[in-house]
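Trainee: coords please:
(chains A and B, ligands or ions: 2)
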Amino acid sequence: MSELKLMKGNEALAEAAIRAGVDAYFGYPITPQTELIEYLMNEQTEKRTGMVCLQAESEIAAINMVYGAASTGKKVFTSSSSPGISLKQEGISYLAGAELPAVIVNVVRGGPGLGTIQPSQADYFQSVKGGGHGDYKLYVLAPSSVQEMSDFVEDAFDIAFKYRAPVLILSDGLIGQMMEKVKLKPQKKRRTDEEVIKECGSWATTGKTKNRERNIITSLDLQSEKMEARVHRLMKKYEQMEKEDLRFEKIQCDDAEYLIVAYGSSARISQKAVEMARAKGIKVGLLRPITLFPFPKKQLFKLADQVKGMLSVELNAGQMVEDVRLSVEFKVPVEHFGRTGGIIHTPEEILEALEQKIINNGTIRHHKTRESSIL
Amino acid sequence: MELLDIIKPENQVFCKTKLMTDTPLSYCPGCGHGTAHNITMEVIDEMGIQEDTIGVAPVGCSVLAYDFMNIDMTQAAHGRAPAVATAIARTWPKKYVFTYQGDGDLAAIGTAETIHACNRGENIVIIFINNGIYGMTGGQMAPTTLEGMKSSTSPFGRDIKTMGSPLKMTELVAQLPGTYFVTRQAVHTHKHVRKAKKAIRQAFENLKLNKGISFVEIVSNCNSGWKMTPNDANEWMVDNMFPYYPLGDIKVNGKLK
Ligand SMILES: Cc1ncc(C[n+]2csc(CCOP(=O)(O)OP(=O)(O)O)c2C)c(N)n1
Ligand code: SF4
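Mentor: Ligands and ions are numbered 1, 2, ... in the order given. This is a model prediction of the structure:
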């Protein structure tokens, strides 16, 4: 039965994972996502559904445990926050290289370094441009509510298994820690070992049976031609993701003269800024990328023919703005606004930035951008 | 007796290990890795557990173990095999899960994963090939490199003062309550091969009983890295490695010897 509850984002994600019939979780505590492992431990998942839940000795161990369970076709995930996600990058690269399905959750905090425990979106580059070594990408889902923290768990696993690829849920300290109403899905049964073998036996290391060749999970190809073929195979997956699994939300875009582009918590706050602008008679729309990779490039390119300028609102010093600029191919001015260090921008600040940087600033933009980038 | 009679299966004293593939080994002639692979696969064959065995290969010369062992295998990142094996064993508790790791992999970059898997008493077998050097990358110093031993990164010999002492990982993990069977073996003579195989058999039997970690070190050679002929390498190993890494059981049935 589905249930309505008041929960923190981190807890909602944890509960959704149990209900989705996930087989295992491996993690290491770090603020602001620790509620996730605490919730799972408190739920005694092994008793509730048979889901393995283990506190690893480090994020490195945790992501390699994910790699191990994923290599056998089990549904497995890990979660962490920025410094811990940096440690996981080698393992994430291995997951991508070895073509394994797994879900990684990053409840982002401010950085670089140990940074701050407050919310941030400063891991955008790390999430969508690679993060670890080599030619690969992650499918990145960016929830902007507690409901989506819960809903995206199953979505992430569906994509992970559809493509046999790691999927990242990119949240932040705000969505992770805040409490909202959430409608939880009914409990799904975990697959039995036999069902896992039936579903994944063609590739997973579940034990070599007489009727098939041995299965090998590796990301190593000493022969260059084979390695290149592997990279091409990965690139094909990413192309297919762009075609079939791009997700975004358009809010009040139909008549918009100006556009805010924002994801996750910034999108939530920007929505309020849109309302305030409209109350003042300024026609502003919001494009919210739900997947950061694939990115709604074509949609932005099209919107660039309609609006006079775009503002990329992010809790960082300007990261996604680069992708917005690339998408619109300089057809219209694109500026960035964002606070850093864990400070959360207000709708008033966003509206002010829109007015100053875009609306009142049309023609001199290029000159100014260059100046400020030199500074 | 005709030649054809002699090679009849019932007359053969020795044949290729059944669970080794036909892929030619990539190891240097005389290297202990091949023998260690053989006896591991013989044990799995003799116990009839091929279907239920999942191996984890390391990064090191034996990274390609999965090319030679005819079982399902996952290749782990450098040092992370015990973490990878932990998850497989936890999510497939009835399977026989083992790691096969070199000394750089297990005792340097993977120290944390090794110690914590041992401390948790994961129900896995760890086969640890200690050749006192990094073979794959061309003979650099390992944590196990002996005092005064030359390598490409200790060209004047390992200096204890600046480079630390050779690490006895096996004695170290034997101290942890999570380890059930800890032993040190070798594979350079028939006698030693038979003993090592018995130890590996014991280790896999322990898995069946859910006893926690069985840790089998095999002191081995690296004639290429040591820059010796295979024979000289074995002699050097007996004269230098064995005194520091003495062979024999260290912990049996959960009790230190
Ligand atoms: C993260 C990382 N660091 C370094 C390496 C390079 N590397 C590959 S194998 C190896 C050492 C292997 O030595 P050992 O574990 O003793 O195994 P052997 O080759 O002697 O059997 C190193 C340092 C790597 N592949 N990955
Ligand atoms: S380099 Fe050393 S460890 Fe590697 S195969 Fe050759 S002898 Fe064996």
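Trainee: Residues of the stretch 151-300 of chain A that sit close to chain B?
Mentor: Applying C-beta under 8 Å from any C-beta of the partner chain, we find that the stretch 151-300 of chain A lies next to chain B at A:193, A:205-210, A:214-220. (Glycine included, C-beta is placed from N, CA and C.)
Trainee: And the residue lying closest to B:G32 once chain neighbours are set aside, what's its pLDDT?
Mentor: Spatial nearest neighbour of B:G32, chain neighbours left out: B:S220 (3.3 Å); criterion: C-beta to C-beta, 6 or more residues apart in numbering or on different chains. Per-residue pLDDT puts B:S220 at 98.
Trainee: Secondary structure element holding the residue in the stretch 1-150 of chain A that ligand 2 sits nearest to?
Mentor: The minimum distance from the stretch 1-150 of chain A to ligand 2, using C-beta to the nearest ligand atom, falls at A:Y94 (22.3 Å). Assigned by DSSP states H and E, A:Y94 falls within helix A:82-97.
Trainee: ok so, going back, what about the residues of the stretch 151-300 of chain A next to chain B, which one has the most neighbours?
Mentor: A:T205 (28 neighbours; other C-beta atoms under 10 Å in any protein chain shown).
Trainee: Let me know the distance separating that residue from A:D158.
Mentor: For A:T205, the distance to A:D158 equals 22 Å [C-beta to C-beta, to the nearest Å].
Trainee: likewise B:P58?
Mentor: When B:P58 is compared with A:D158 (using C-beta to C-beta), they lie 33 Å apart.
Trainee: Between these two, tell me which one has more neighbours.
Mentor: B:P58 (30 against 14).
Trainee: right, and that one touches B:Y100 too?
Mentor: Yes - counting by C-beta atoms under 8 Å, B:P58 touches B:Y100, with 6.4 Å between them.
Trainee: how about the strands in the stretch 51-200 of chain A?
Mentor: In chain order, the stretch 51-200 of chain A shows strands spanning A:52-55, A:76-80, A:102-108, A:139-141, A:166-172, A:179-184, with DSSP state E, counting those that start in this stretch as the criterion.
Trainee: Paired strands for the shortest one, with orientation please.
Mentor: Strands adjacent to strand A:139-141 in the sheet, as given by DSSP bridges, are strand A:166-172 (parallel), strand A:291-293 (antiparallel).
Trainee: check which helix or strand covers the nearest residue in space to A:K297 that is not next to it in sequence.
Mentor: Distance criterion C-beta to C-beta, 6+ apart; nearest residue to A:K297, sequence neighbours excluded, is A:S327 at 4.2 Å. Using DSSP H and E, A:S327 sits within helix A:320-328.
Trainee: Which strands or helices does the helix or strand that that helix is followed by pack on?
Mentor: Following helix A:320-328 in sequence order, the next helix or strand is strand A:334-337 (DSSP H and E). Applying 3 or more C-beta pairs under 8 Å, 6 or more residues apart in numbering or on different chains; DSSP states H and E, we find strand A:334-337 packed against strand A:309-313, helix A:320-328, helix A:347-354.
Trainee: Quick check: bridge partners of whichever residue of the stretch 251-375 of chain A sits closest to ligand 1?
Mentor: Ligand 1 sits closest to A:F293 of the stretch 251-375 of chain A, with a gap of 25.3 Å, by C-beta to the nearest ligand atom. Following DSSP bridges, A:F293 is listed with bridge partners A:V140.
Trainee: hang on, isn't it packed against A:Y136?
Mentor: No - using C-beta under 8 Å, A:F293 is not in contact with A:Y136; the gap is 10.7 Å.
Trainee: Can you pull the residues that touch both of those two?
Mentor: Residues touching both A:F293 and A:Y136 (C-beta atoms under 8 Å, 6 or more residues apart in numbering or on different chains): none.
Trainee: between the two, who's got more neighbours?
Mentor: Higher neighbour count among A:F293 and A:Y136: A:Y136, with 23 against 20, using other C-beta under 10 Å.
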